[in-house]
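Q: Sequence unavailable; structure follows:
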């Protein structure tokens with residue numbers, strides 16, 4: 001065992017003494033040392049109940065014959081960080097989390113890990129650490145929040161708050177209703193109710209095979225989640241005995257399986273960044289072209305909030321991820337049977353799954369022949385950009401508009417709220433990429449305000465930043481190269497015509513090449529917004545969004 005390096009032999013007397021000082025008994029010293037990397041915090045609703053879940057993991061670890069050790073990692077709530085400078089820290093925290101888990105596990109020679117996570121950047125950060133360490137690991141995602149309720153109206157975090165702000169501004173609801181929505185939209189612990197980034201990544205973690213069947217969709221406050229936590233604690237001991245490590249589970253085939261399910265679900269566009277980063281960490285040849293290729297083969301079978309009215313509760317009741325695999329596996333030739341931490345193949349799990357085809361439509365009768373996500377290319381995004389097709393009104397799939405250019409999210413938000421943005425506009429938000437932001441902030445506030453004001457199919461928004469999984473409307477993100485390194489998005493001027501053609505995967509700036517060449521001659525990026533601290537180091541090392549915004 002790896003832990004023998006800190007507990008075996010005469011020269012480890014001091015090490016054993018320190019371990020006894022933590023409360024480890026002598027008869028546990030020869031057991032596998034298993035870390036519980038917990039992202040518990042009182043600051044994030046998706047994580048506030050993790051102290052209880054830790055107990056069930058601990059019970060499972062000790063039942064299975066191991067010795068558990070809990071340690072903490074950072075967690076940021078994207079919703080609370082949204083719309084201000086705090087969002088600059090969200091994506092960079094993914095790398096920080098991976099580094100924290102690697103540091104603790106390596107320094108203390110842990111034999112295995114249970115990775116306790118839930119929200120946006122924490123799950124991919126932990127998966128990156130898992131493949132980097134390549135010791136036996138299992139992921140426990142705590143699960144979604146219950147739906148909010150207000151006077152017989154079902155609420156989710158996005159529709160009950162961010163979009164409600166636009167509704168209030170347009171006079172659709174009054175201040176009293178907005179206040180009621182705020183109180184009732186998030187009724188307790190769990191990841192926000194729709195198919196936003198947290199729940200998307202939980203679903204994809206289950207598809208890849210790094211968490212147990214049912215883990216992604218089981219409610220955070222359910223007994224089922226406690227049982228999954230306990231079983232995960234037991235199973236990590238078996239993974240250690242058999243030396244089943246993440247490199248055997250996170251493969252090109254299992255990552256492509258995740259892409260297929262992502263496209264069928266219409267998940268968060270952030271999943272593209274995270275799957276690319278995980279693949280890079282694992283040394284797997286998966287690129288943006290894999291998304292582009294598979295998007296031509298996979299129709300959308302499920303439509304959840306924010307694109308639809310159903311929530312994660314409905315997906316769980318319909319059979320969850322095993323049911324989605326059961327539906328997709330026979331019809332999609334690229335879907336490969338893989339075996340994960342459950343030590344049985346996803347096909348075997350799927351065969352036993354119950355599936356409600358009213359929620360998870362059969363491939364022969366999809367919601368639409370389009371995938372949930374797509375990659376667009378053109379002169380403004382030669383390295384690619386991403387759009388959540390499931391959130392775009394079909395009437396807006398082909399759109400031409402005039403650019404209104406803003407060099408920050410805040411200035412764009414002010415323009416939207418002051419009615420400067422009108423039908424036929426293309427809002428361009430730049431200098432929000434991985435380097436330019438820095439940190440590639442999410443644009444949920446402006447996209448929600450546009451939708452809330454009834455402009456969702458009449459106004460487009462493009463950015464070198466990114467979007468929350470809660471975003472809907474004609475919103476195209478991850479424009480690469482970004483403005484801060486001289487991308488064409490930095491050359492756009494007010495009034496320029498921009499053409500978007502989702503069916504043909506095109507986004508083009510309708511400006512002559514010679515005019516763009518002249519603009520490029522005089523182009524100078526704006527001064528960096530951040531000049532000290534962690535984000536400066538991040539900006540110096542981060543790659544393009546088309547490569548997953550990884551740090552080198």
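A: Cool, the structure landed. Remember, it's a predicted structure, so these values are computed and weren't measured experimentally. Numbering: from 1, shown residues only.
Q: List of residues touching stretch 194-201?
A: 46, 78, 118-121, 123-124, 141, 144, 156-158, 191-192, 203, 216-217, 262, 265-268, 270-271, 274, 302, 304-307, 311-312, 315, 468-470 (CB atoms under 8 Å, 6 or more residues apart in numbering). Just so you know, the C-beta spots here come from the backbone N, C-alpha and C atoms, and that holds for glycine as well.
Q: Just the buried residues of that stretch, please?
A: Going by neighbour count (16 or more other CB atoms under 10 Å), the buried part of stretch 194-201 is 194, 195, 196, 197, 198, 199, 200, 201.
Q: Dump the residues you listed into a markdown table; add pLDDT as well.
A: Listed next are the buried residues of stretch 194-201 as a markdown table, based on pLDDT from 0 to 100:
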| residue | pLDDT |
| --- | --- |
| 194 | 94 |
| 195 | 94 |
| 196 | 93 |
| 197 | 94 |
| 198 | 97 |
| 199 | 97 |
| 200 | 97 |
| 201 | 98 |
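Q: Of the contacts of stretch 194-201, select the buried ones using a ChimeraX command.
A: The following ChimeraX command selects only the buried members of the contacts of stretch 194-201, with burial defined by 16+ other CB under 10 Å:
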select :46,78,118,119,120,121,123,124,141,144,156,157,158,191,192,203,216,217,262,265,266,267,268,270,271,274,302,304,305,306,307,311,312,315,468,469,470
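Q: Helices - which of the contacts of stretch 194-201 land there?
A: 78, 123, 124, 157, 203, 262, 265, 270, 271, 274, 312, 315 (DSSP state H).
Q: any idea how far residue 64 is from the last one?
A: Counting by CB to CB, to the nearest Å, the separation of residue 315 from residue 64 is 30 Å.
Q: again with the third one
A: Residue 124 sits 27 Å away from residue 64, taking CB to CB as the criterion.
Q: Looking at the buried residues of stretch 194-201, which is nearest residue 392?
A: residue 195 (14.9 Å; CB to CB).
Q: Just give me the residue closest to the centre of this structure.
A: residue 197 (3.3 Å; CA atoms, centre = their mean).
Q: Need phi/psi at that residue.
A: phi -60, psi -40 (degrees, to the nearest 10).
Q: now the buried residues of stretch 194-201 as TSV including distance to residue 109 and secondary structure?
A: Converted to TSV, those look like this (distance: CB to CB, whole Å; DSSP: H, G, I helix; E, B strand; the rest coil):
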residue	distance to residue 109	secondary structure
194	40	coil
195	39	coil
196	37	coil
197	33	helix
198	31	helix
199	34	helix
200	34	helix
201	29	helix
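Q: which one of these is nearest residue 104?
A: residue 201 (21.7 Å).
Q: wait, which of the buried residues of stretch 194-201 is closest to residue 502?
A: Distance to residue 502 across those (CB to CB) is lowest for residue 195, with 19.1 Å.
Q: got the residue ranges for the strands in the stretch 251-400 of the chain?
A: Counting by DSSP state E, counting those that start in this stretch, the segments of the stretch 251-400 of the chain that form strands are 374-378, 381-387, 398-406.
Q: before we move on, could you check phi and psi at residue 39?
A: phi -100, psi 30.
Q: Who are the contact partners of it?
A: Contacts of residue 39 (CB under 8 Å, 6+ apart): 47, 50, 72-75, 97, 116-119, 122, 126.
Q: do that again at 10 Å, thanks
A: 46-47, 50, 72-76, 97, 100-101, 115-119, 121-123, 125-126, 142 (CB atoms under 10 Å, 6 or more residues apart in numbering).
Q: Kindly report the same for residue 30.
A: 1, 3, 4, 7, 8, 67.
Q: what's the answer for residue 51, then?
A: Applying CB under 10 Å, 6+ apart to residue 51 gives the contacts 38, 40, 42, 70.
Q: would the last one count as being in a strand?
A: In this case it means residue 70. Yes - the assignment for residue 70 (DSSP: H, G, I helix; E, B strand; the rest coil) places it in a strand.
Q: worst-scoring helix or strand of this structure, pLDDT-wise?
A: Least confident helix or strand of the chain, by mean pLDDT, DSSP states H and E, is helix 163-169 with a mean of 87.
Q: For it, enumerate the helices and strands it packs against.
A: Counting contacts by 3 or more CB pairs under 10 Å, 6 or more residues apart in numbering; DSSP states H and E, helix 163-169 is packed against helix 175-184, helix 409-417, helix 444-452.
Q: With distance to residue 374 and mean pLDDT added, can I get those helices in TSV?
A: Listed next are the helices and strands packed on helix 163-169 as TSV, based on distance: least, CB to CB, whole Å; pLDDT from 0 to 100:
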stretch	distance to residue 374	mean pLDDT
helix 175-184	32	94
helix 409-417	23	95
helix 444-452	17	90
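Q: among these, which is nearest residue 375?
A: Comparing these under CB to CB, the one sitting nearest is helix 444-452, at 18.9 Å.
Q: Tell me which helix or strand comes right after that closest one.
A: Moving toward the C-terminus from helix 444-452, the first helix or strand encountered (DSSP states H and E) is strand 460-463.
Q: Strand partners (parallel or antiparallel) of that following strand?
A: For strand 460-463, the paired strands and their directions (DSSP bridges) read strand 425-429 (parallel), strand 474-480 (parallel).
Q: just those: most buried one?
A: strand 474-480 (a mean of 29; mean count of other CB atoms under 10 Å).
Q: from the middle of its chain, how far away would the following helix or strand past that strand be?
A: Downstream of strand 474-480, the next assigned helix or strand under DSSP H and E is strand 497-501. Centroid displacement of strand 497-501 relative to its chain, using CA atoms, centre = their mean, to the nearest Å, is 27 Å.
Q: Give the rounded mean pLDDT of strand 497-501.
A: Strand 497-501 shows an average pLDDT of 98 in the prediction.
Q: cool, stretch 292-308 as well?
A: The average pLDDT within stretch 292-308 is 93.
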